[in-house]
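In: quick one: sequence and predicted model below, then my questions.
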Amino acid sequence: MCKLYFNYGTMNSGKSMLLLAKAYNFEERGIPYRIYKSSIDTRDKGVIHSRALGDRECYTIGPKESFFAKCYWYNTDVKWLMVDEAQFLTEKQVDELATIVDECGIDVICYGLRTDFQTHLFPGSKRLFEIADTFEEIKSQCEDGNKNIFNARIDKEGNIVTEGEQIQVGAEDCYKSVSRKMYKRLKDLPRIRRLVRSSQFDRLWKDVMMYERGVLFTEKELDEAADAFQNDDYSKAYEILELYCGKSTPELIDRKKKLEKQYGK
């Protein structure tokens, strides 16, 4: 029984490498196959690229093109159809792949991202989750030790980008695969950096090192601390941050006392 498969993972999780490895396996076993890739991915046009396994030529398909126009699937020796960058497919194209599986007796395996930089499903991925027979997550690990889930878009300074077009082709210079926890930390970072520039917050921040401890702040918590600093109430600001940090060490207590003495609070 032929199936429609969807193998998904974050950027740099090894999706293309697995596709190429399967292609080599098919060749060794004499199984006819064909590889497609969305033309929206312009980084390596007409090529599937893998750092580990090199490059391999492939067919491309644009958003307005049809898989049925690419080949007469009802009368072909192709047994497997592999599609890279499947998140860029349209819903109609995914439905066509399902028809190729059901009516033509060809197995189809798609590789792609699950969500965009705003953590929302891509249209192609959404449709694959709705109608594919089998799903498999290609896992990778974030620097914080948790599983990568999101593809964060970043600017030149390393700040996370939350607004913009859904599709922006790029690699490590534009995106970073992160866990859910890390994504939240990166979203907080620009706001934290703005606060760091105010008053004595820079000195206090470097000593407390809240961000390095992996602390997550809500907007309300940051606003409370910011208001306290703007009112020159450093002791109160320190207490707010210490409270949300959830941990009071002798070093932090000693630093607080020095601040109180220095600013007369």
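Out: Yep, it's here.

In: ok, now which ones touch residue 46?
Out: Residues near residue 46 by C-beta atoms under 8 Å, 6 or more residues apart in numbering: 37, 57-60. The C-beta positions use only the backbone N, C-alpha and C, and glycine is treated the same way.

In: need those residues in TSV with pLDDT, secondary structure and distance to residue 145, can you?
Out: Output for those, formatted as TSV (pLDDT from 0 to 100; DSSP: H, G, I helix; E, B strand; the rest coil; distance: C-beta to C-beta, whole Å):
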residue	pLDDT	secondary structure	distance to residue 145
37	92	strand	32
57	87	strand	38
58	91	coil	35
59	92	strand	39
60	92	strand	38
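
In: backbone dihedrals for residue 154, please?
Out: phi -130, psi 160 (degrees, to the nearest 10).

In: so which residues of this structure form helices?
Out: Assigned by DSSP state H, the chain shows helices spanning 15-29, 67-70, 91-104, 123-131, 180-196, 201-208, 219-230, 234-245, 250-263.

In: I'd like the average pLDDT over the second one.
Out: Spelled out, that is helix 67-70. On average, the pLDDT along helix 67-70 is 88.

In: can you check the fourth one too?
Out: In this model, helix 123-131 carries a mean pLDDT of 96.

In: same thing with the first one?
Out: When pLDDT is averaged along helix 15-29, the result is 92.

In: how about the fifth one?
Out: This predicted structure assigns helix 180-196 an average pLDDT of 69.

In: which residues sit in contact with residue 115?
Out: 121-122, 125, 149-151.

In: again, 6 Å this time
Out: residue 121 (C-beta atoms under 6 Å, 6 or more residues apart in numbering).

In: need the pLDDT of residue 54.
Out: 74.

In: what's the neighbour count on it?
Out: 10 (other C-beta atoms under 10 Å).

In: beta partners for it?
Out: residue 50 (DSSP bridges).

In: go ahead and confirm residue 47 touches residue 55.
Out: Yes: contact criterion C-beta atoms under 6 Å: residue 47 and residue 55 qualify, at 4.9 Å.

In: quick check: residue 50 vs residue 23, distance?
Out: Using C-beta to C-beta, to the nearest Å, residue 50 is found at 10 Å from residue 23.

In: who has more neighbours out of the two?
Out: For the pair residue 50 and residue 23, the greater number of neighbours falls to residue 23 (20 against 17), based on other C-beta under 10 Å.

In: any idea how far that one lies from residue 68?
Out: Where residue 68 is concerned, residue 23 sits at a distance of 23 Å (C-beta to C-beta).

In: number of nearby residues for residue 49?
Out: So residue 49, with other C-beta under 10 Å, has 16 neighbours.

In: same check on residue 185?
Out: Count around residue 185 with other C-beta under 10 Å applied: 19.

In: then residue 28?
Out: Residues contacting residue 28 under the criterion other C-beta under 10 Å number 8.

In: equivalent analysis for residue 116, please.
Out: 20.

In: repeat for residue 27
Out: Neighbours of residue 27 using other C-beta under 10 Å come to 11.

In: gap between it and residue 56?
Out: 10 Å.

In: same question for residue 95.
Out: Distance from residue 95 to residue 56, by C-beta to C-beta: 27 Å.

In: and if you look at residue 23?
Out: With C-beta to C-beta as the criterion, residue 23 and residue 56 are 6 Å apart.

In: how about stretch 174-181: buried residues?
Out: Across stretch 174-181, burial judged by 16 or more other C-beta atoms under 10 Å covers 174-179.

In: next, the distance between the ends of it.
Out: 19 Å (C-alpha to C-alpha, to the nearest Å).
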